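J.: Curious how this folds, go ahead:
(one chain, ligands or ions: 2)
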Amino acid sequence: MSPPCSPLDGAPATPPPAVTREGFRNAMARLGAAVNIVTTDGPGGRHGFTASAVCSVTDSPPTLLVCLNKGSSAAGPVHANGVVCINTLAAGHEPLSNLFGGRTPPEERFASGTWRVAATGAPMLVGAVVAFDCRIVRTVEVGTHNVLFCEVVGVAEGGSNESLIYYSRRYHTLSGPTDD
Ligand SMILES: NC(=O)C1=CN([C@@H]2O[C@H](COP(=O)(O)OP(=O)(O)OC[C@H]3O[C@@H](n4cnc5c(N)ncnc54)[C@H](O)[C@@H]3O)[C@@H](O)[C@H]2O)C=CC1
Ligand SMILES: Cc1cc2nc3c(=O)[nH]c(=O)nc-3n(C[C@H](O)[C@H](O)[C@H](O)COP(=O)(O)O)c2cc1C
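T.: Ligands and ions are numbered 1, 2, ... in the order given. From the prediction side, this is the model:
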């Protein structure tokens, strides 16, 4: 059996308490993450949602995963269409992130921002830091969420080098190197 977890400050180990949903969320709030708008279109209709649970899986074949709450209004369209575009947000995209973060009807979400159609048919955000056009190749159900494994069939790099980061329940901006 593995020993109980120790606090990081070196204090004596105590038996670990049960991890509640609130405790897990508070811990997760300490992880900074890029903010993405994951879009879809096809027979299930156009839709999109904000997601921080996006991660690289493998480069061969190029694959990302996205965790999508099964209760989200985007879940039906995403599964019916089988395609997504993962648009990584830039500085200044906070209002767009909040718009796609829930409650607003899908077509009202797309009234903001400039969108073009990617090869899969999913909407691609003009001005994103980077956009990954994907086909969903596998879906795994875990608790409240579906983990979507998304094979990347196209990439578009945007001009901005200032990324939007969600950390400690707030938005932040992370600047990359400049050319000069
Ligand atoms: N993975 C997810 O489904 C996420 C969902 N959200 C949604 O946005 C709302 C506001 O988020 P916060 O302001 O960060 O406060 P919060 O206290 O609800 O969440 C803190 C952190 O916990 C994680 N988290 C939140 N809900 C989760 C869920 N259902 N499943 C797995 N991880 C989850 C995320 O890393 C989030 O940043 C959340 O209540 C949730 O509805 C936000 C971030 C990630
Ligand atoms: C910063 C941020 C990050 C989020 N990350 C995720 C995520 O990774 N997965 C997810 O299912 N929902 C995430 N959400 C919540 C969804 O964007 C939201 O539930 C979705 O838009 C569906 O809402 P609706 O059912 O009202 O349409 C996030 C929300 C915000 C504001």
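J.: contacting residues around the closest residue to Val78 other than its chain neighbours?
T.: Nearest residue to Val78 in three dimensions, chain neighbours excluded: Thr40, at 4.9 Å (CB to CB, 6 or more residues apart in numbering). Placement of C-beta: from N, CA and C, glycine included. Residues in contact with Thr40 (CB atoms under 8 Å, 6 or more residues apart in numbering) are Arg46, His47, Gly48, Ala74, Pro77, Val78, Asn81, Val83, Val84, Cys85, Ala122.
J.: so how far is ligand 1 from Thr40?
T.: To ligand 1, Thr40 is 17 Å away according to CB to the nearest ligand atom, to the nearest Å.
J.: Model confidence score at that residue, please.
T.: Note on Thr40: pLDDT of 98.
J.: quick one, phi psi at it?
T.: Note on Thr40: its backbone torsions stand at phi -150, psi 160 [degrees, to the nearest 10].
J.: For Ser175, see how far away Cys150 is.
T.: 27 Å (CB to CB, to the nearest Å).
J.: cool, and Gly82?
T.: Distance, Gly82 to Ser175, using CB to CB: 36 Å.
J.: the more surrounded of the two?
T.: More crowded of Gly82 and Ser175, by other CB atoms under 10 Å: Gly82, with 17 against 10.
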